[in-house]
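In: For reference, the sequence and a predicted model appear below.
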Amino acid sequence: LLFIRQRIFSRLGVRWPDKPTAQRPLKVLWTYRNDKRQPPNFDEVQNRTRERYSPSEYIFKTINGGLVDIATQIHIFSQADVVVGPHGANLGNLIYLRPNTTVIEFMPA
């Protein structure tokens, strides 16, 4: 799997991610979709999370995979320390995460 990721990164010109350090904030990536799997209160949950956690400890980024090219998606996912998003194809990019990245996947009712 590592070999495949390295080949993809190389071909798309995506930089291999740095290892996380204790000196930098955690990068939290929120993924979303424009369909029925998106919870109706997604924006509220995201905003409350941003209010609750200090910007010196966490950097929050939001991505709609359907609107971003694949090289950008790979780069963004590879830099994340935590990924939060609804179940579905958008989480197929989890293959590009660093080892030990935390994933929070939810299933709308």
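Out: Good, I have the coordinates. Numbering: from 1, shown residues only.

In: how about the residue nearest the centre of the chain, secondary structure?
Out: Geometric centre of the chain, nearest residue: residue 29, 3.6 Å, by Cα atoms, centre = their mean. Secondary structure state of residue 29, per DSSP: H, G, I helix; E, B strand; the rest coil, is strand.

In: Identify the bridge partners of it.
Out: residue 61, residue 83 (DSSP bridges).

In: And the strands in this structure, which stretches?
Out: For the chain, strands defined by DSSP state E occupy the ranges 26-32, 58-64, 82-86, 102-106.

In: quick revisit: do I have it right that the residue nearest to the centre of the chain meets residue 83?
Out: Yes. In this structure, residue 29 is within contact of residue 83 by Cβ atoms under 8 Å, at 4.9 Å. Heads up, the C-betas are built off the backbone N, CA and C, glycines and all.

In: that older thread, contacts only, for the residue nearest to the centre of the chain.
Out: Contacts of residue 29 were listed using Cβ atoms under 8 Å, 6 or more residues apart in numbering, and they are 61, 62, 63, 76, 77, 80, 82, 83, 84, 85.
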